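Enquirer: With the sequence up front, the predicted model follows.
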Amino acid sequence: TWVHLSMTQNMTDLHVTARAWHFIVLALFQLGPACIAAAVAPWRRPRCGCVLGDSDLVTRWGESINASLPVLGEYPRPQMVRRHTEWLSLNGLWEWMPANDSSKVSFNTTLPRSILVPFPPESCLSGIQENHPRMFYRRVFDRPLTFTADAPVLLHFGAVDWQSTVWLNGIKIGANTGGYSEFSFDAPLLDKDNELIVSVYDPSELGPQPFGKQRAASILHPGTDGNRYTPTSGIWQTVWLEEMPNTRARIANVSITPTMTSVAFRVAVESKDAEYAQGLMVSVDIYSGSQRVASKSAPAGQEFTVVVPSPVLWSPESPFLYNATVELVESSRRQAIRSDARKNDAALDSVDTYFGLREVSLGDVQTSPTPGRPRIGPTAGLNWPGNDLAGSPYALAEHDGPTVCEARCNATITCVAWAFGKQHCGKNSSVPRCWLKSAMGPEHTNDCRVSGAKMVPSQPGERVKSLFLNGQPVFASGWLDQSWWPDGQYTAPTDEALAFDVQAVKQFGFNAIRLHQKINPSRWYMHADRIGVLVLQDAVQHFEYKDEPGSQRISPALFREDWRRAITSRYNHPSIIQWNIFNEFEFEPEFWNATDILNFTRNLDHTRLVDFNSGGVGNAYHLGDVDDVHTYPVPRPPQPSSTQYASIGEYGGLGWKPLGHEWLPQRCGKRSIIANSSTDGADYIVQWLSALAATKRQKRLSAAIITQITDVELECDGLYTYDRIPHFTAGDVDRIRAANLNLTAN
């Protein structure tokens, strides 16, 4: 048994057996005769789209997927690339079959169907396009000839949703609970015919685990609000073999903590001989391009800091990355290794990694004083169309007048303006009506309206907090990213497709992404590191469990363990500047200990900022580093304070009717604003970005996130269609980019 010299946390497997009837119905509906065939059914891509419609919504990258070609064959762990050893991707065709609660693992038995790993079975690229709570995978393979004889081997899984058990050659080698983080097991291989079997259980929305916006129920009953999507079960990230050094100790993990002038390393080592491991050393060489700029050695397991001369900082404008080689050596060999670190054969183990020098902090700024605005109205014949708050219009009593509508606006915090609709004037006017508005739009004349606006008090200048990067204020203008695909669901079809979603940020002039309710593969963050994008990373929630019949309340233990693994596994990426714990109403004051979960997050990572509850009731507690509100469609910022910077975590939601690019034709969810053309949509976004720029110039706002990068199933409010076609002409993209660059300029 390996002895771990770094702190680890283990978790007992949970066995959840409750299941709602609709999964049984769905399984019977989709099973088909191929499940009982004697031979393995060949892979083919079915139509990509909602099962209730006839659309075939496949991306240009998905069109290139072929079971006879390599699938997602890039090295999956870019921040820890082991040197002098080989690796092999196990992506590709596996055998597969659905299972039930009583199914038992069976060895040396061919499974009846083919699945293209790592695409989840719900996706069309998997060749299955079905949802089952239980399933088996099987793959038979030979030990790679490129692997050194007798060298130990690790079997890695990028992510499997949700509970998985793994057998190799008839022996259980491990199990994992958690759908978003990588795990690995020692894999003693035979030279020929190694049989790998994986069983999976995923209750989706009916379990106690974090699952984000996955909904098995949405397959046959897609939500009209569009914010719940086809689920992902089973293997959804790369499966791979890694040859390990055949030595008495090896590197288990490298933790990197940068500042603007130095970088701290902590290298965890694992060994069968703890006493031997205690005497080992770690050597680090840092490179700028091909030039070595710094070196240092220290005892293994201890944190040590390397000062970087003439440091070049990482930022969205200049995402400079240093390379580093980390080597595990015996103390007696350190001098020899130092003389030629790049061609060392004496090291017990060595890995290549990279980092960016940068610091994230809360800084003090002086806001500009702002003039107030007197009360407007009531003004007969005036109307400001649009910007209606949810619930508008409100029916009033027969003899109510404009003052009743104004009073309701004054009593509503988010109301800025109001409009009174006269009785028996115009359509649907049998009673007086009242519209509450989040902003004043362009003035229109309407004889049936009486409108007015609240008084806005003046604000003096004051010292408040702002988001700082590298000691200077930075404005994070970005989009919400659900990171879903019409052909791969959770899994991007190719690495080029994965990078596209990051690179597209810069095309529109944004500099940030809020990764929403999902943890992505490590290579996604690598692309953000090299392209230069600020990442605001959400925890995955147990999203809207109360709305699902038969669902369970979230398990705090499962949430904390998933969150711990997310933070520790993505810790080294310089692009991540903030952790977002809760989204909207996922924080329930009577259920969660707010201070405890905040401290839990800070103890895992004290170098980044923490958003406690983006757009939810917990935001009023003013915990964490961010006062974060959601305002649709018009962005309306909160006030910064002496302890928190001001952020608009969501705004926009500009709706489209993407004919020919719909998940289910004619079923896009309702949106408060519909763009009738590229120019119309760009006009809205440019107007919003210009208003944000005015607030930013007053030092009163540090971040704003528009909803969202792409349409997702029935949620048609992206800057791209679901299959990644821009909703805008090139000229309108240029207009949005210019407005964004004006917003983010220092």
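Expert: Structure's in. What do you need? Numbering: from 1, shown residues only.
Enquirer: which residues of the stretch 201-350 of the chain fall in strands?
Expert: Using DSSP state E, counting those that start in this stretch, the strands of the stretch 201-350 of the chain run over 234-235, 239-243, 249-258, 262-271, 280-288, 291-299, 304-307, 322-330, 349-355.
Enquirer: Output these in CSV; the columns should cover mean neighbour count, mean pLDDT and distance to Q708.
Expert: The C-beta positions use only the backbone N, C-alpha and C, and glycine is treated the same way. Formatted as CSV, the strands of the stretch 201-350 of the chain follow (neighbours: other Cβ atoms under 10 Å; pLDDT from 0 to 100; distance: least, Cβ to Cβ, whole Å):
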stretch, mean neighbour count, mean pLDDT, distance to Q708
strand 234-235, 30, 97, 26
strand 239-243, 22, 96, 30
strand 249-258, 20, 95, 30
strand 262-271, 20, 94, 34
strand 280-288, 21, 95, 37
strand 291-299, 15, 95, 40
strand 304-307, 14, 97, 40
strand 322-330, 21, 95, 33
strand 349-355, 21, 96, 29
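Enquirer: which stretch among the ones you listed comes nearest A504?
Expert: A504 sits nearest to strand 349-355 of all the strands of the stretch 201-350 of the chain, at 23.0 Å, using Cβ to Cβ.
Enquirer: which residues are in contact with the closest one?
Expert: Applying Cβ atoms under 8 Å, 6 or more residues apart in numbering, the contact partners of strand 349-355 are 78-84, 245, 247, 249-251, 254, 256, 258, 263, 321-328, 344, 529, 572, 574.
Enquirer: do stretch 211-230 as well
Expert: Residues contacting stretch 211-230 (Cβ under 8 Å, 6+ apart): 22-23, 26, 29, 50-52, 122, 131, 161-162, 179, 204-206, 231-232, 482, 484, 489, 517-518, 540-544, 548, 663-664, 667-670, 712-716.
Enquirer: Tell me, how many residues neighbour the closest residue to P144 other than its chain neighbours?
Expert: Spatial nearest neighbour of P144, excluding adjacent residues (Cβ to Cβ, 6 or more residues apart in numbering): L88 at 4.8 Å. Residues within reach of L88, counting by other Cβ atoms under 10 Å, total 17.
Enquirer: how about the strands of the stretch 201-350 of the chain, which one is nearest E462?
Expert: strand 249-258 (32.1 Å).
Enquirer: list the helices and strands that closest one packs on?
Expert: With contacts taken as 3 or more Cβ pairs under 8 Å, 6 or more residues apart in numbering; DSSP states H and E, strand 249-258 sits against strand 262-271, strand 322-330, strand 349-355.
Enquirer: For F475, find the nearest of those.
Expert: Of all those, the one in closest proximity to F475, counting by Cβ to Cβ, is strand 349-355 (24.3 Å).
Enquirer: And the next helix or strand past the lengthiest helix in the chain?
Expert: Selection of the longest helix in the chain by residue count, based on DSSP state H, yields helix 678-697. As assigned by DSSP states H and E, the chain's next helix or strand after helix 678-697 is strand 703-707.
Enquirer: Report the angle between that following strand and helix 678-697.
Expert: 160 degrees (axes from the mean of the first three to the mean of the last three Cα atoms, to 10 degrees).
Enquirer: which is the next helix or strand following strand 703-707?
Expert: Counting by DSSP H and E, what follows strand 703-707 is helix 730-744.
Enquirer: Leaving out the residues flanking it, which one is nearest to F107?
Expert: Of all residues not flanking F107 in the chain, G170 sits nearest, at 4.9 Å (Cβ to Cβ, 6+ apart).
Enquirer: Surely that neighbour and S106 touch.
Expert: No - if you go by Cβ atoms under 8 Å, G170 and S106 don't touch, sitting 10.4 Å apart.
Enquirer: Roughly how far does the residue nearest to P144 sit from W94?
Expert: Going from L88 to W94 by Cβ to Cβ, to the nearest Å gives 15 Å.
Enquirer: next one: P665
Expert: Separation of P665 from W94 (Cβ to Cβ): 33 Å.
Enquirer: Tell me which of these two has more neighbours.
Expert: Set side by side, P665 and W94 show more neighbours around W94, with 26 against 16, by other Cβ under 10 Å.
Enquirer: angle of the helix or strand hosting the more buried one against strand 239-243?
Expert: Assigned by DSSP H and E, W94 belongs to strand 92-98. Between strand 92-98 and strand 239-243, the angle comes out at 130 degrees (the same axes, to 10 degrees).
Enquirer: Remind me what strand 92-98 packs against, helices and strands.
Expert: strand 113-117, strand 134-141.
Enquirer: cutoff 10 Å now
Expert: Counting contacts by 3 or more Cβ pairs under 10 Å, 6 or more residues apart in numbering; DSSP states H and E, strand 92-98 packs against strand 113-117, strand 134-141, strand 194-201, strand 234-235.
Enquirer: Select, out of those strands, the one closest to A187.
Expert: Per Cβ to Cβ, nearest to A187 of the helices and strands packed on strand 92-98: strand 194-201, 8.2 Å.
Enquirer: what's the spacing between the closest one and its chain's center?
Expert: Taking Cα atoms, centre = their mean, to the nearest Å, one finds strand 194-201 lying 27 Å from the centre of the chain it belongs to.
Enquirer: same deal with stretch 144-157?
Expert: Distance of stretch 144-157 from the chain centroid (Cα atoms, centre = their mean) equals 32 Å.
Enquirer: shouldn't G377 be in contact with V450?
Expert: Yes - the pair G377 / V450 is scored as a contact, 7.2 Å apart, by Cβ atoms under 10 Å.
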